[in-house]
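>>> need a structure here:
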Amino acid sequence: MDRKVAIITDSACDLSEEQIRENHIYMVPLRMSVAGREYRDRVDIDADTIYDMMATTLPKTSLPDAEDVRAAYDLAMADGCTEGIHLSISSGLSGAMNVVSLVAAEHPMPIRVVDTLTLSAAEGMLVLEAARMAREGAATDDIVNRVRRIRQKQLGMFVIKTLEYLRKGGRIGLVEGAIGQLLQIQPIVFVNDDGVYQTLAKSRGRKNSVEKMFQAAITRYARQRVRLWVVHGRAQDEAEALMARLRETLDVAFSCIAPVSPALGVHTGPGLLGIILAPAEV
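Below you'll find the predicted structure:
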């Protein structure tokens, strides 16, 4: 039997429906609950609806349902896949990988579960590369090793208007909890090598924090050809302006603007603006 590798991920990857469809990616929705009702991320609810709800209540995220994970694996096997690679949101930011690992261990199709140690489009970038290699017939070990090399060269960082949601959702990580709100001190947050949020730098006010994030990107990747994503939470105009500046300054091989998924928006609130970069060749 010819081998065919399925690439599976979760809805935290922030890939568009078109990218998922065109690259034959299988996606498991994360879950969230609002006022006692449960929703599947990006299936039953969208980001704008979540932000509207957050004005009056605090939604909570939950782990993917084991049946949703199993359904994705079953569909991949029905499509003729003989093995799978599941690229999961960072285990340092979600317990999703625990659920995935349990289901994968029991499934008849061999499935390799990989902790991406990241999320959002940084995760999506790894998923797209894995999908490309799978289409070209690469071995599972080669795909996993390349994904891990790219992750080591990545920088994913963002600024948000308030740390309130990260703190309430228990995702504050190594970001300082006591931020001088009266002084408008805002951290630039990145996902560290252990897959946990950490402060990269701090600045006063949103304009300065976005500028410092921009300069961090330029400093690290000025002499490299890069893959570039700008992500946002209901901040499309700012995202487009930031992308334009980055494209003028960096040598960009690929670029994309993406809204963050509802499940991520729950922890960051409206106003998130982020940059994700990696070398085009690793």
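
>>> next structured bit after the helix or strand of the chain with the lowest mean pLDDT?
Least confident helix or strand of the chain, by mean pLDDT, DSSP states H and E, is helix 164-168 with a mean of 70. Counting by DSSP states H and E, the next helix or strand C-terminal to helix 164-168 is strand 185-191.

>>> helices or strands up against that next one?
Where contact means 3 or more Cβ pairs under 8 Å, 6 or more residues apart in numbering; DSSP states H and E, strand 185-191 is packed against strand 155-159, strand 197-204, helix 206-221. Just so you know, the C-beta spots here come from the backbone N, C-alpha and C atoms, and that holds for glycine as well.

>>> Next one: the residue nearest the centre of the chain, what pLDDT does it get?
Among the residues of the chain, the one closest to the centroid is Ser120, at 1.4 Å (Cα atoms, centre = their mean). Ser120 is assigned a predicted lDDT (pLDDT) of 97.

>>> which non-adjacent residue is nearest it?
Spatial nearest neighbour of Ser120, chain neighbours left out: Asp14 (4.8 Å); criterion: Cβ to Cβ, 6 or more residues apart in numbering.

>>> can you count the residues close to that neighbour?
25 (other Cβ atoms under 10 Å).

>>> Ok, Gly265 next?
27.

>>> next one: phi and psi at it?
Main-chain dihedrals, Gly265, degrees, to the nearest 10: phi -60, psi -30.

>>> which residues does it contact?
Residues near Gly265 by Cβ atoms under 8 Å, 6 or more residues apart in numbering: 47, 50-51, 233-234, 272.

>>> Mind telling me the two of the residues you listed farthest from one another?
The span of the contacts of Gly265, defined through Cβ to Cβ, is set by Ile50 and Leu272 at 12.3 Å.

>>> ok, which stretches of the chain are helices?
Taking DSSP state H to define them, one finds helices in the chain at 17-22, 47-53, 66-78, 96-106, 120-135, 140-153, 164-168, 206-221, 236-249, 262-268.

>>> Single out the most deeply packed of those.
Scoring these by mean neighbour count under mean count of other Cβ atoms under 10 Å gives helix 262-268 as the most buried, with a mean of 27.

>>> pLDDT of it, averaged?
89.

>>> got it, and stretch 84-95?
Mean predicted confidence for stretch 84-95 is 96.

>>> low-scoring stretches of this protein, by residue?
Residues of the chain meeting the criterion pLDDT under 70: 1, 165, 168-184.

>>> try it again with 50
178-180, 182 (pLDDT under 50).
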